[in-house]
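1. Sequence first, then the predicted structure, then my questions.
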Amino acid sequence: MWLDPDRVLYVGLLGAPSVRAIGAILLYVALDAPFRLSVADGAWETAEIAMVPPYAPHRIVSDSRTLCGFLIEPETVDMSRLPPLLRGPGGALAAPRQAQHARDLIAQLRGMRRPALDPCLLDTLMLGGPLAPRTLDPRIDAAVRQIKGEPGGRSAATDHAREANLSFSRFLHLFKAEIGTPFRTFRTWKRARSLLHYVTQEANLADVALDTGYPDSTHFSHSIRRVYGLKPRDIFAGSRRLALHGMPRTAAYQAA
């Protein structure tokens with residue numbers, strides 16, 4: 001898994017997730033055998049490659065144990081200028097060449113001990129070119145950077161509104177208009193995403209819950225399952241042989 005604040009490239013076990021709702025643009029690529037996908041209670045489709053929009057509930061099953069998932073944080077890209085591959089309501093894509101290109105790239109990366117990548121290079125390798133960046137209102141950008149830099153922090157929307165010199169209601173309205181999703185939903189996703197920095201460690205789940213901003217193990221388990229469709233202990237169990245590349249957790253926080 002290659003991980004930084006703006007992108008995730010995961011190549012590993014799929015498990016048996018229930019409904020999941022990832023807060024990123026998600027590109028699935030089959031590695032060994034086609035998978036089946038249902039987005040937002042739609043019809044099941046068989047695919048080699050598929051796209052799911054941010055926060056869209058979906059189910060995925062595969063006869064293969066492994067799968068590739070490429071995650072793009074939507075606040076980092078201009079959603080109106082996405083390539084055709086990443087547009088639309090989601091589902092299977094008629095792009096066999098793109099699927100094979102991704103598989104070839106993954107095979108190359110697997111042969112490298114520590115692949116040196118950055119988001120623009122990863123976009124180019126996976127999609128053929130860098131994605132157009134999004135320009136945010138500076139007041140919202142400051143809040144986004146703070147949340148991404150410390151996803152387990154206790155700051156509330158009222159704190160960000162005060163720092164932005166906005167009323168609470170105006171801040172929430174502007175945040176949703178700029179980011180495309182409510183403040184609370186965005187923060188929930190970033191907390192769940194921060195779990196990925198821990199999955200290769202021998203860690204106590206109660207400690208991870210506190211480090212990632214959850215008040216207790218029950219809230220932690222429920223929230224993680226709503227996002228990933230898997231219990232935290234199953235995520236950790238399936239990540240025992242996973243190699244983690246990219247920014248260390250502390251460095252990623254400083255760069256966000």
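-> Yep, it's here.
2. Just the mean pLDDT for the longest helix seen in the chain, thanks.
-> Using DSSP state H, we find that the single longest helix of the chain is helix 96-110. In this model, helix 96-110 has an average pLDDT of 93.
3. cool, stretch 232-239 as well?
-> Summarised as a single mean, pLDDT over stretch 232-239 is 95.
4. cool, and stretch 81-88?
-> For stretch 81-88, the mean pLDDT works out to 96.
5. Next: stretch 184-192.
-> The average pLDDT for stretch 184-192 rounds to 97.
6. then it to PDB, C-alphas only?
-> What follows is stretch 184-192, C-alpha atoms only, in PDB (Å, rounded to 0.1, in the frame of the first residue of the first chain):
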ATOM      1  CA  ARG A 184     -19.000  16.100   9.800                       C
ATOM      2  CA  THR A 185     -19.000  13.600   6.900                       C
ATOM      3  CA  PHE A 186     -15.600  14.900   5.700                       C
ATOM      4  CA  ARG A 187     -14.100  14.600   9.200                       C
ATOM      5  CA  THR A 188     -15.600  11.100   9.700                       C
ATOM      6  CA  TRP A 189     -13.900  10.000   6.500                       C
ATOM      7  CA  LYS A 190     -10.500  11.500   7.400                       C
ATOM      8  CA  ARG A 191     -10.600   9.800  10.800                       C
ATOM      9  CA  ALA A 192     -11.400   6.500   9.200                       C
END
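7. Can you show me the strands along the stretch 1-150 of the chain?
-> 2-3, 7-13, 25-30, 35-39, 45-47, 49-52, 58-62, 66-72, 91-92 (DSSP state E, counting those that start in this stretch).
8. how about these, which one is nearest L122?
-> Set against L122 and scored by CB to CB, these come closest in strand 7-13, at 5.5 Å. Where you see a C-beta, it was placed from the backbone N, CA and C, and this is true even at glycine.
9. and the closest one with strand 66-72, angle?
-> Taking axes from the mean of the first three to the mean of the last three CA atoms, to 10 degrees, one finds strand 7-13 and strand 66-72 inclined to each other by 170 degrees.
10. Sweet, I'm off.
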